[in-house]
Each structure stands twice: as C-alpha cells, then as structure tokens.
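Trainee: Return atomic coordinates for the entry below.
(one chain, ligands or ions: 2)
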Amino acid sequence: NYYPWGYDSDNGPDQWHKNYPTAKGRHQSPIEINNKEVHYDSSLLPWFASYDPGAAKTILNNGKTCRVVFDDSFDRSVLRGGPLPGVFRLRQLHFHWGSSDDHGSEHVVNGVRYAGELHMLHWNPKYSNYLDARRRTDGVAVLAIFLQVGETPKPEMKRILEEINAIKTKGKEAPFPNFDPSILFPKSHDYWTYHGSFTTPPCEECVTWIILREPIIVSSDQMAKLRSLSKNAENEPDHPLVDNWRPTQPRYFRMVSASFL
Ligand SMILES: Clc1ccc(Cc2nnn[n-]2)cc1
Ligand SMILES: [Zn+2]
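Mentor: Ligands and ions are numbered 1, 2, ... in the order given. The predicted model follows:
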C-alpha cells in the first residue's frame, strides 16, 4: 500500500530508505559544512547566472514546498562557471524552512542552522531531458542560498511572498510571469561546493551543490508567510507546511571545496 514520503515521524527522513534505498548512499545531502574540513580551491572559477525573466511561468504549492517553475525547453535561463563543466538550465526554485526562526535550513554551517534555504535547481542539457539528467552524477546543479532573519529584509523577496496567498493549499498554482531570480542573490558570490544528492526521495546522487556563503536577509514576518502555507489540499484538515528540511547526512569521504580563503 503506497504511503507517500514526507517529513512526519511515520514517513520522514529516517523512513525514506525503505522505499528509496539511495537515501542511505555515500553521497547524500544535506551535510554539515565545517571550516576546519573545508579545502580552499584557488582553481575554482566564479559562477555566472544568465536568467531570462520571461522564462518564469508559475508558482505552485506541491504540499511539500513553494516552487517557482521556469521554461527549460532550451538554454534560456542558465547557470555556468564555478565547478560546472558547462551551462546548466534553470528548471525551478523552491524553499526549505522550519517551524520557527531558529532552524529550517538543510545545510548547516559551523553548527549554524539558518531559518531557511532557497534552492535554484538546474540540469545539464548534455542529457536529453531532466529525468535523464537526474540519473547522472553530473546531471543536476543546485545553487543554495541561506535565509537569515533580520531587520532589513531583502525587498526582492516580497514578490514571491506576496504570491503565497494565491497558493495556500496543496495543488494550488498561480501565474508567476516576468521574474529574474538572480535579484535574490546576495552581494558576495563566494561559495562552497561538493557532490551530493537530492534532499528528497528518490535522493538521487546527481547534484553538484553550489552553496553561497552570504545569506540573504528576510523578515520574521516573511518567514511566517512561508509557514502560513498548508501541506493539505483545500477541502482537507489544515496542517501547516513547516519543517520541510532533511537532517544533515554523513559526509563520508567527500571533500567540500571553498572558492574563498
Ligand atoms: Cl520542488 C522540490 C524539488 C526538490 C526538492 C529536494 C531538493 N533536492 N535538492 N534540493 N532540494 C524539494 C522540493
Ligand atoms: Zn531543495
């Protein structure tokens, strides 16, 4: 009897491996990033995003996160440089967040959990499509940006959070035209990179992670807005969509490289 994975005690991260054995692999994400284990790599190139605002299509509540999807039918919005072997197409962005401001990110930096984490998911067009790319170790690149609660929130977050009212419950979708997600980038492009996986089932180990060192500032009200989403559909009992983050996984024999000293 099929029981969908989730983040609750009976279907959460500790159970995923029963239906998705890769979840117990040696290259899982997220991980802890600790300065003493990071290796500065002077050969790492800067990364560049060339996003077309016209590629933005819709914003959606899929019951597990708030996701914005983009037209990825050609090299329209791409990420390149950094650790990447070529251009990767932007397919969607989504968030992970907690039930309160003191946790919610997936990656943890020197013991610090942020209130949330924004993921911009890209795939390698050398493969015929996204599903094929997910089966390849160099198939996917996720640019991750930490969300930190502060007094002077980044105004560019407003657009996404204003749309939340239109997608309160699972399955709700709204048009989301003319949006260039690079406006969400922090000043510094400094990053860590390592090889890992999707942080949700099937947890394929196909992700080159590019994690920005500088968080973006959001307000506590904006985080509350994300927490006002529901994981249930409109006509079902209300369950707040919160704590959609996977705990950190063993790093095993993986190197985390830094683009900065
Ligand atoms: Cl929409 C969506 C897609 C993927 C994930 C899980 C994930 N894997 N890598 N980054 N996020 C969560 C929500
Ligand atoms: Zn994610």
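Trainee: if I read this right, Gly196 contacts Gln28, doesn't it?
Mentor: Yes. Using Cβ atoms under 8 Å, Gly196 is in contact with Gln28, at 6.4 Å. (Each C-beta comes from the backbone N, C-alpha and C, glycine too.)
Trainee: anything in contact with each of the two?
Mentor: Common neighbours of Gly196 and Gln28, counting by Cβ atoms under 8 Å, 6 or more residues apart in numbering, are Glu205.
Trainee: Show me what from the stretch 101-250 of the chain comes close to ligand 1.
Mentor: His119, Val142, Phe198, Thr199, Thr200 (Cβ under 6 Å from any ligand atom).
Trainee: The last one in helix, strand or coil?
Mentor: Spelled out, that is Thr200. With DSSP: H, G, I helix; E, B strand; the rest coil as the basis, Thr200 sits in coil.
Trainee: so what's it up against?
Mentor: Trp5, Lys64, Arg246.
Trainee: how close does it get to Asn62?
Mentor: Applying Cβ to Cβ, to the nearest Å, the value for Thr200 to Asn62 is 11 Å.
Trainee: just the third one next, same as before
Mentor: Counting by Cβ to Cβ, the gap from Phe198 to Asn62 is 14 Å.
Trainee: neighbour count winner among those two?
Mentor: Neighbour totals were compared for Phe198 and Asn62, and Phe198 leads with 22 against 15 (other Cβ atoms under 10 Å).
Trainee: how many neighbours does the nearest residue to the more buried one once chain neighbours are set aside have?
Mentor: Leaving aside its sequence neighbours, Phe198 sits nearest to Glu204 (Cβ to Cβ, 6 or more residues apart in numbering; 5.4 Å). By the measure other Cβ under 10 Å, the count of residues near Glu204 is 19.
Trainee: i'd like the first residue to be 9 from this point on
Mentor: Will do, 9 is the new start, and the previous item becomes Glu212.
Trainee: Which residues are in contact with Glu212?
Mentor: So Glu212 contacts Thr30, Arg142, Arg143, Gly147, Val148, Ser205, Phe206 (Cβ under 8 Å, 6+ apart).
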